[in-house]
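Participant: Could you look at this predicted model? Sequence included:
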Amino acid sequence: MPEFQTFGDGHSSRAIPDPIPNSEVKPATPCALVSDKMRNTGAVFTNFIYFMPEKISKKEAKKQIEEFFLNIKGRTTREVQKIKKLAMSFNLPLKEKRKTFCKKCLIPYVNPKIRIKNKIKSTTCKNCGHVSRWRIK
Ligand SMILES: [Zn+2]
């Protein structure tokens, strides 16, 4: 015969039978075992992804860099740093492109102060005040 329990708020439900009657030892719930296992494998998996950067060819890297410098304005220090690292890892020279951002704070120039004196072009960064000097050929 099914037993019904009546609760304080009026609803009633069937009593859940004890799997091991009259015992203090409760069986291990399978969900706890699974979650423990998943936690370990998940941690290993994320670490694996974190330490493995995606592999790209030199051609792809060159294309990425070209695309990046097409709209350099409004980029952050982090993005410039990332693309600079990418270029360095593939031995790709930035050439004239490196004159589009500040050497010190790695922020793209937006209306910089440019002065030409004795065949030397000096560009002052508006963000940090660093002066880059380039010889004009
Ligand atoms: Zn700067």
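Facilitator: Okay, I see it. Numbering: from 1, shown residues only.

Participant: which SS state does residue 13 fall under?
Facilitator: Here residue 13 is strand, with the state taken from DSSP: H, G, I helix; E, B strand; the rest coil.

Participant: no, scratch that, I was asking about residue 8
Facilitator: Three-state call for residue 8 (three-state DSSP): coil.

Participant: Now it: phi and psi?
Facilitator: phi -60, psi -40 (degrees, to the nearest 10).

Participant: Give the rounded mean pLDDT of stretch 126-137.
Facilitator: Stretch 126-137 shows a mean pLDDT of 93 in the predicted model.

Participant: That stretch spans what distance, first to last residue?
Facilitator: 25 Å (CA to CA, to the nearest Å).

Participant: Now do the buried residues in it.
Facilitator: residue 132 (16 or more other CB atoms under 10 Å). Every C-beta, even on glycine, is put in place using the N, C-alpha and C of the backbone.

Participant: what does it contact?
Facilitator: With contact meaning CB atoms under 8 Å, 6 or more residues apart in numbering, stretch 126-137 is reached by 99, 102-105, 107, 109-113, 116, 119-125.

Participant: is that stretch anywhere near the ion?
Facilitator: Yes - interface with the ion: stretch 126-137 contributes 127-128, 130 (CB under 5 Å from the ion).

Participant: export those residues to CSV and tack on distance to residue 84 and secondary structure?
Facilitator: Below are those laid out as CSV (distance: CB to CB, whole Å; DSSP: H, G, I helix; E, B strand; the rest coil):
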residue, distance to residue 84, secondary structure
127, 17, coil
128, 17, coil
130, 16, coil
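
Participant: The ion: which of these is nearest?
Facilitator: residue 128 (3.5 Å; CB to the ion).
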